[in-house]
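kindly return the folded structure for what I paste below:
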Amino acid sequence: MSLEAYASQVPDTVRTDVLSQARLSCYKARDAFYACLEKESNKKPTEIASVGLLYPVECKKNREEYVKNCRPTWVKHFDRQFCGKKRTQRLLDDNESRRGPLSLPQPCTFKPPCSC
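Sure, this is the predicted structure:
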């Protein structure tokens with residue numbers, strides 16, 4: 001098949017409606033997966049996702065749907081974003097003593113040695 005014949009069959013126009021539908025299905029799958037993670041947060045995570053994200057086996061179906069509907073680069077991006085938000089939240093909520101101004105150790109005062 002010549003290049004001209006192929007070019008006449010495939011138009012150069014971008015189907016924005018198809019792209020937006022794919023994006024929306026990706027967002028829905030992503031939201032369902034992360035909602036499952038939040039709901040099942042008390043369960044022990046046994047499955048490994050990208051960028052070190054761990055999730056329970058109860059969310060495996062949602063994860064498969066999420067990976068199927070989204071581009072791999074998007075999945076990696078959203079996983080990093082989720083992990084970063086969780087890490088920040090854990091640091092803020094972890095220990096009340098970490099909040100507020102830093103408590104620095106007091107400088108030690110030494111008596112000068114006796115020059116007797």
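
so, low pLDDT: which residues of the chain?
1-17, 94-113, 115-116 (pLDDT under 70).

strands along that one, start to end?
Secondary structure of the chain, counting by DSSP state E: strands at 47-48, 54-55.

most tightly packed of these?
Most buried of the strands of the chain by mean neighbour count (mean count of other CB atoms under 10 Å) is strand 54-55; its value is a mean of 17. Glycine gets a C-beta too; all of them are placed from N, C-alpha and C.

give me the residues contacting it.
F33, C36, L37, E40, P45, T46, E47, I48, A49, R63 (CB atoms under 8 Å, 6 or more residues apart in numbering).

as JSON lines, the strands of the chain with distance to C114 would be great.
Shown next, in JSON lines, are the strands of the chain (distance: least, CB to CB, whole Å):
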{"stretch": "strand 47-48", "distance to C114": "65"}
{"stretch": "strand 54-55", "distance to C114": "62"}
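
related to what we said a few turns ago, hmm, which of the contacts of strand 54-55 are the buried ones?
Neighbour-count burial (16 or more other CB atoms under 10 Å) applied to the contacts of strand 54-55 gives F33, C36, L37, E40, A49, R63.

any idea which of the strands of the chain gets closest to S20?
strand 54-55 (27.9 Å; CB to CB).

and the contacts of strand 54-55, which of them are in helices?
Mapping the contacts of strand 54-55 onto helices (DSSP state H) picks out F33, C36, L37, R63.

pretty sure the first one contacts Y66?
In this case it means F33. Yes - if you go by CB atoms under 8 Å, F33 and Y66 touch, sitting 4.3 Å apart.

returning to what we had before: reformat the buried ones among the contacts of strand 54-55 as TSV; add distance to R23.
Below are these laid out as TSV (distance: CB to CB, whole Å):
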residue	distance to R23
F33	16
C36	21
L37	21
E40	26
A49	21
R63	19
